[in-house]
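In: Give me a 3D structure for the following:
(chains A and B, ligands or ions: 2)
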Amino acid sequence: MKKPTINEPISDFVTISGYLAVKELLRNKGRFFLISLVIALITLLVLFIAALGEGLGNGNREYISKLDADLVVFQAKSDKVIASSRLGNNRIAAIRRIDGVADAGGLFTSNAAVVFFNGNEPVKIALLGIEPGKPGEPKVLQGKQFRKNLADEVILDKNTALRTKLKIGDTAIIRTTQGEKDKFFEMVVVGITDGQQYGLQPSIFIPYQTWDNIRSKSAAEIGSGNPVANVVILKLTDPKAADEVTARLIAKVDNIEVATIDESIKALPGYTAQQSTLSTQGAFTLIIGILVIGGFFQIQVLQKVSQIGVLKAIGTSTPAVAVASIIQIVLVTIVGVFIGAFLTFLLSLSFPPTVPIVFNGGTSALAVVALIIIGPLGGLVSINYAARIEPLKALGLSS
Amino acid sequence: MTSTIALETRNIIKTYQSDSGLINAVDDVSIQVRSGEFVALVGPSGSGKTTMLSILAALLKQTSGQILLDGVELSDMPESERVKIRREKIGFTFQSNNMVPFLSALENVELMLRLNNRLDKVGKLRAQELLARLGLAERMHNLPGQMSGGQQQRVAIARALIHNPSLVLADEPTASLDTERAFQVVETFANLIHEQNRAGIIVTHDLRMCEYVDRVLQMQDGKLVKEYTGKSEILEFINGTRH
Ligand SMILES: Nc1ncnc2c1ncn2[C@@H]1O[C@H](COP(=O)(O)OP(=O)(O)O)[C@@H](O)[C@H]1O
Ligand SMILES: [Mg+2]
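Out: Residues are numbered from 1 along each chain as shown, chains lettered A, B, ... in the order given. Ligands and ions are numbered 1, 2, ... in the order given. Next up, the predicted model:
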């Protein structure tokens, strides 16, 4: 098959295209800079929406996503919502006996606040009871892991440490409500982990028996039996055998459901809805970007009909004219995205750590690539229009 | 020096559909123009001069007839070939909208060489000389927006000549010039056509400009009605139509 004839080496017309594109840009800096600025603002918006999605998502899933584990066992019909699942000792014991389960640890969730006697505002935290040495206990970056199931010790996640300014060896005062009364418990900070937010809160880890003693509870619950875990976190002998182990668990242990880490994250309350809302917003911003860029270049090309006509009349080929348009659009878009990314960076420096905005390299890079693609995409209509301008008509020689 | 035929047309017809039916804007025109020959195309408004020139410039396809440029038939060429012919073999100036607005006078002239991938040191010098010769030595680095219509026309003339085309076409190049300037420009144009041995065709409604051409072709209703050759015949024609 014969391709559409281009009677010149590609390099020749690209040189001409580049020359025309750059000359025109340089001689009309103001006009083109304006559209770059609009693209910069769109970039700012897209990157912030992405960062907000990342920040909120991270605040929700951070603890779960960083688990060094393979499966999470929930109570049946809990819809894989951790807070609405309860697993007692018997079932945990049964789960541990299943073939292929290397290790299992209960996760005991609750809320509490760290209070200060110096008048500082209380910091609300997720109070997470874990079994020392079992899956579910995060690794400390500083200090040491727990050794006993019952000890007045806590491990802070990085966010709690930042907000409370507590350090290893300090005493954290944890406030909960038991019956009608506020209770205050003094706990020694023994370790600090990396970020381990849970349910959009910074977290504090505590041995599960101590957790049961200090957690908020109703009057009826006080002094009643053993701690009850919400879910059990499993590490498997062979992570690839997750499906088989799941089947065995379901068959042998009554009244449970099993999820992978990914499924557990998706089931976090509001997580999926929030992420899809934000990605929809991001996508719409990109579409608006395409329309704005498309509109701008279309108006441009309408104003340049006679100029393009002259170029074609004196022998500039249509591919050369089209490539010149593409080069301009790409350059203008890249400058805009670059400025936008830089502005975003500057702005991000001014956000306090409590704002859930996280710039993730991968996500940002994806957004930047998407933004650079929207330019030429938006310009397609105008490039097509420019390519079809007839030199004779453009020169007004023939009506 | 024996000059060769650069341009030949055979029975060119261009038919347009108008409200009152079909009209032949160009009606059976056959001409020959030799290298080094400067020809004027004259005639009343609507007689088909611009249409004829556009066909010769490979910008418009005739309804029937043949055009041979340096012996090569243009009619059946696809647009991609015609574009190549336009940049290599033809130079032209339009009535208006001549220049690329974001290029300086010099860059507009050099563009013709760039398009042909032939811009080198010598080319740059020639472009400057040509502009100087057309009285634009001081204006080379001006953008079109900073030049008068007449200055732009002269840049266009330089651009039409710089790449050594076989055929140079100019549609009313003196329309926006004052009389004295117009004479000067056409004289320079004629000199360049003769010196460089191009075939030149100029469309003009100002018959006084015919003083500098070698032949006058008169059109009426799309037809070639009369031809004046030789200095005396042309002068007679100019003076004859004056009163
Ligand atoms: N695109 C067109 N469609 C229809 N009629 C046209 C078109 N272009 C020119 N004409 C007609 O062709 C005739 C010749 O026009 P033109 O070549 O512009 O004459 P001139 O340049 O001598 O004034 C006129 O009658 C004009 O109305
Ligand atoms: Mg005309």
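In: which residues touch the residue in the stretch 151-300 of chain A that ligand 1 sits nearest to?
Out: Residue nearest to ligand 1 within the stretch 151-300 of chain A (CB to the nearest ligand atom): A:Gln298, separated by 25.5 Å. Heads up, the C-betas are built off the backbone N, CA and C, glycines and all. By CB atoms under 8 Å, 6 or more residues apart in numbering or on different chains, A:Gln298 lies in contact with A:381-382, A:385.
In: Most neighbours of all those, which one?
Out: A:Ser382 (22 neighbours; other CB atoms under 10 Å in any protein chain shown).
In: Now do that one, the pLDDT please.
Out: At A:Ser382, the pLDDT value in this model is 92.
In: and it, that one's in a helix?
Out: Yes - counting by DSSP: H, G, I helix; E, B strand; the rest coil, one finds A:Ser382 located in a helix.
In: before we move on, back to that, of the contacts of A:Gln298, closest to ligand 1?
Out: Distances from ligand 1 to those, taken by CB to the nearest ligand atom, are shortest for A:Tyr385, at 20.5 Å.
In: Could you find the closest non-adjacent residue to the closest one?
Out: Closest residue to A:Tyr385 apart from its sequence neighbours, by CB to CB, 6 or more residues apart in numbering or on different chains: A:Val301 at 5.3 Å.
In: Check which element follows the strand or helix carrying the one you found along the chain.
Out: In this assignment (DSSP states H and E), A:Val301 forms part of helix A:271-303. Next along the chain after helix A:271-303, taking DSSP H and E as the criterion, comes helix A:305-313.
In: Which positions in that following helix come out as buried?
Out: A:305-313 (16 or more other CB atoms under 10 Å in any protein chain shown).
In: Near chain B, list only the ones from those.
Out: A:306-307, A:309-313 (CB under 8 Å from any CB of the partner chain).
In: hang on, the earlier thing: for the helix holding A:Val301, which residues meet the burial criterion?
Out: So for helix A:271-303, counting by 16+ other CB under 10 Å, buried means A:271, A:274-275, A:278, A:281-282, A:285-286, A:289-290, A:292-294, A:296-298, A:300-301.
In: ok, what's across the strand from B:Leu69?
Out: B:Leu7, B:Val72 (DSSP bridges).
In: residues contacting it?
Out: B:6-7, B:58, B:85, B:89-90, B:166-167.
In: wait, A:Ser85 sits on A:Phe74?
Out: Yes - the pair A:Ser85 and A:Phe74 passes the contact test of CB atoms under 8 Å, sitting 4.3 Å apart.
In: which residues do the two both contact?
Out: With CB under 8 Å, 6+ apart as the test, A:Ser85 and A:Phe74 both reach A:Val231.
In: and the stretch 101-250 of chain A, which of its residues are near chain B?
Out: Within the stretch 101-250 of chain A, no position is adjacent to chain B by CB under 8 Å from any CB.
In: And the helices in the stretch 101-250 of chain A?
Out: Applying DSSP state H, counting those that start in this stretch to the stretch 101-250 of chain A gives helices spanning A:158-164, A:208-214, A:242-252.
In: how about those in CSV, adding mean pLDDT?
Out: Putting the helices of the stretch 101-250 of chain A into CSV (pLDDT from 0 to 100) gives the following:
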stretch, mean pLDDT
helix A:158-164, 94
helix A:208-214, 95
helix A:242-252, 95
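In: TSV for those, including distance to A:Gly199?
Out: TSV is the format used below for the helices of the stretch 101-250 of chain A (distance: least, CB to CB, whole Å):
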stretch	distance to A:Gly199
helix A:158-164	12
helix A:208-214	16
helix A:242-252	25
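In: so can I have CSV of those showing mean neighbour count and distance to A:Lys23?
Out: Output for the helices of the stretch 101-250 of chain A, formatted as CSV (neighbours: other CB atoms under 10 Å in any protein chain shown; distance: least, CB to CB, whole Å):
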stretch, mean neighbour count, distance to A:Lys23
helix A:158-164, 21, 53
helix A:208-214, 22, 71
helix A:242-252, 15, 61
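In: Out of these, which is closest to A:Leu392?
Out: helix A:158-164 (68.6 Å; CB to CB).
In: Now do residue 4, the pLDDT please.
Out: All of this refers to chain A. Confidence score, pLDDT, at A:Pro4: 46.
In: That was the other one, I meant chain B.
Out: Reported pLDDT for B:Thr4: 91.
In: I figured it was touching B:Gly36, is that so?
Out: No - judged on CB under 8 Å, B:Thr4 makes no contact with B:Gly36 at a distance of 9.2 Å.
In: Mind checking which of the two has more residues around it?
Out: It is B:Gly36, of B:Thr4 and B:Gly36, that has more neighbours when counted by other CB under 10 Å, with 18 against 13.
In: Spatially nearest residue to the more buried one (excluding sequence neighbours)?
Out: Once flanking residues are discounted, B:Gly36 sits nearest to B:Asn197: 4.4 Å by CB to CB, 6+ apart.
In: That neighbour: how many residues sit nearby?
Out: Quick note: B:Asn197 (other CB under 10 Å) scores 16 neighbours.
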